[in-house]
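**Q** Okay, predicted coordinates and the sequence, questions at the end:
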Amino acid sequence: MSIVTLPDYRVQSPDVAARFSRLQQRPVALEVRGLTKRFETPRGTVTALDNVSFSVHKRELMCVIGPSGCGKSTLVRILAGLETPSSGEVRVYDEAVSGPGPDRGMVFQGYTLFPWMSVKENVMFGPRMAGKSGFIAEREAREWIDLVGLSKFENAYPHQLSGGMKQRVAIARALANQPRVLFMDEPFGALDAQTRCKMQSYLLEIWKNVDITIVFITHDLDEAVFLSDRILVLDANPGRVREVVEVPVPRPRSEAQIFEPTFVATRKHIDHMMHPPGQEQKDTPVMRLAVSDPDVI
Ligand SMILES: Nc1ncnc2c1ncn2[C@@H]1O[C@H](COP(=O)(O)OP(=O)(O)OP(=O)(O)O)[C@@H](O)[C@H]1O
Ligand SMILES: [Mg+2]
């Protein structure tokens, strides 16, 4: 039996290192400084986020990963301006965030399309609200729908679409508002594994063609490594930054890369951070049978 030695995830090929050095020279699109969020609950104060700081560069794709309850959704809601932090600051292209704004778009896990509107009407909604004429909004909507590969379905209604198609419309709808930063909170979480993989490739294809910075929340390790330039790893209780990992896997990404040593090494490193060896038993609740049953193994 041969034993494969994995490389150190911090070792980057010259191409990947050059890419990161270019990335760091780009303007900062999103700056998060000392973000803390506490919730007062009947059971006392819950510190969802504790002094979280990081920055994301223009056209970077950063995934945020961490165990359930570590504050990922709270973080993204604050970044989108839907929630106010207890302390700390969020800046988008050096402007302080104090509420929702068209410079930031959101795609959630749940399907959030208007069921009574067609695909085209859903995508036109934002531009129409922004005061664009029906003609311009329709023309732009068609371009976004084309970008997500759904031109044949522009007159379909959400109930006539698959889960993956609905999320592609949700992406088109968010992009139609021309945000500078797109936040995605587990957008593919409800999809089956195969559709999810396809959606990840679609997203990278869309990102390649649109000038946008993406912050993508997930708890799927493969998804995080496949999509990201860098991965922000959060600890739980309270949510703190554990590490920002530079993914050493070259771009363009392809599904075949998930078997490459750099991919596997990065995945393994993050997995160890999230599930330290020996922790599993502590975390798993044990159900005891009242009567011992010889048929239960
Ligand atoms: N409105 C609220 N009121 C009270 N506590 C809250 C509220 N929102 C979130 N919390 C608490 O803050 C912590 C972080 O929650 P959050 O939903 O941000 O976690 P998450 O990382 O997104 O989890 P998951 O992976 O399960 O989606 C949890 O302990 C949660 O119970
Ligand atoms: Mg969440």
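**A** Yep, it's here. What you are looking at is a predicted structure, and each value in this text was computed from that prediction instead of being measured. Numbers count the residues shown, from 1 in each chain. Ligands and ions are numbered 1, 2, ... in the order given.
**Q** What are the buried residues along the longest helix along the chain?
**A** Secondary structure of the chain per DSSP state H: the longest helix is helix 193-209. Neighbour counts over helix 193-209 (16 or more other C-beta atoms under 10 Å) mark 195, 196, 197, 199, 200, 202, 203, 204, 206, 207 as buried. Heads up, the C-betas are built off the backbone N, CA and C, glycines and all.
**Q** Next, the residues that contact it from outside, please.
**A** Identification of contacts with helix 193-209 by C-beta atoms under 8 Å, 6 or more residues apart in numbering yields 61, 147-149, 162-164, 167-168, 171, 175, 187-188, 191, 214, 220, 223, 226-227, 252-253, 255.
**Q** Reformat the buried residues of helix 193-209 as CSV; add distance to residue 56 and pLDDT.
**A** What follows is these, written out as CSV (distance: C-beta to C-beta, whole Å; pLDDT from 0 to 100):
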residue, distance to residue 56, pLDDT
195, 27, 92
196, 23, 93
197, 24, 93
199, 21, 93
200, 19, 96
202, 21, 93
203, 16, 96
204, 17, 96
206, 18, 93
207, 13, 95
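**Q** Going by distance to ligand 2, which of those wins?
**A** In terms of C-beta to the ion, no member of those lies closer to ligand 2 than residue 196, at 16.6 Å.
**Q** Next SSE downstream of the helix or strand harbouring residue 55?
**A** Assessed by DSSP states H and E, residue 55 sits inside strand 44-57. Downstream of strand 44-57, the next assigned helix or strand under DSSP H and E is strand 61-65.
**Q** for that next one, packing partners?
**A** Applying 3 or more C-beta pairs under 8 Å, 6 or more residues apart in numbering; DSSP states H and E, one finds that strand 61-65 contacts helix 72-79, strand 213-217, helix 221-227, strand 230-235.
**Q** Counting neighbours, what do you get for the residue lying closest to residue 34 once chain neighbours are set aside?
**A** Distances taken as C-beta to C-beta, 6 or more residues apart in numbering put residue 88 closest to residue 34, at 4.1 Å, once the chain neighbours are dropped. Neighbours of residue 88 under the rule other C-beta atoms under 10 Å: 17.
**Q** Residue 88 reaches residue 35, doesn't it?
**A** Yes - between residue 88 and residue 35 there is a contact under C-beta atoms under 8 Å: 3.6 Å.
**Q** shared neighbours of these two, anything?
**A** 51, 52, 53.
**Q** next one: phi and psi at the nearest residue to the second one once chain neighbours are set aside?
**A** In other words, residue 52. Setting aside the residues directly before and after it, residue 52 is nearest to residue 35 in space (C-beta to C-beta, 6+ apart), at 4.3 Å. In terms of degrees, to the nearest 10, the main-chain angles of residue 35 are phi -80, psi 120.
**Q** do the same with residue 240
**A** The phi/psi pair for residue 240 (degrees, to the nearest 10) reads phi -130, psi 160.
**Q** Tell me what it is bridged to.
**A** Counting by DSSP bridges, residue 240 forms beta bridges with residue 235.
**Q** Mind pulling up the pLDDT for it?
**A** Listed pLDDT for residue 240 reads 96.
**Q** same deal with residue 273?
**A** Value for residue 273, per-residue pLDDT: 93.
**Q** Burial check on it, number of neighbours?
**A** If we define neighbours as other C-beta under 10 Å, then residue 273 has 16 of them.
**Q** how near is it to residue 71?
**A** Distance from residue 273 to residue 71, counting by C-beta to C-beta, to the nearest Å: 16 Å.
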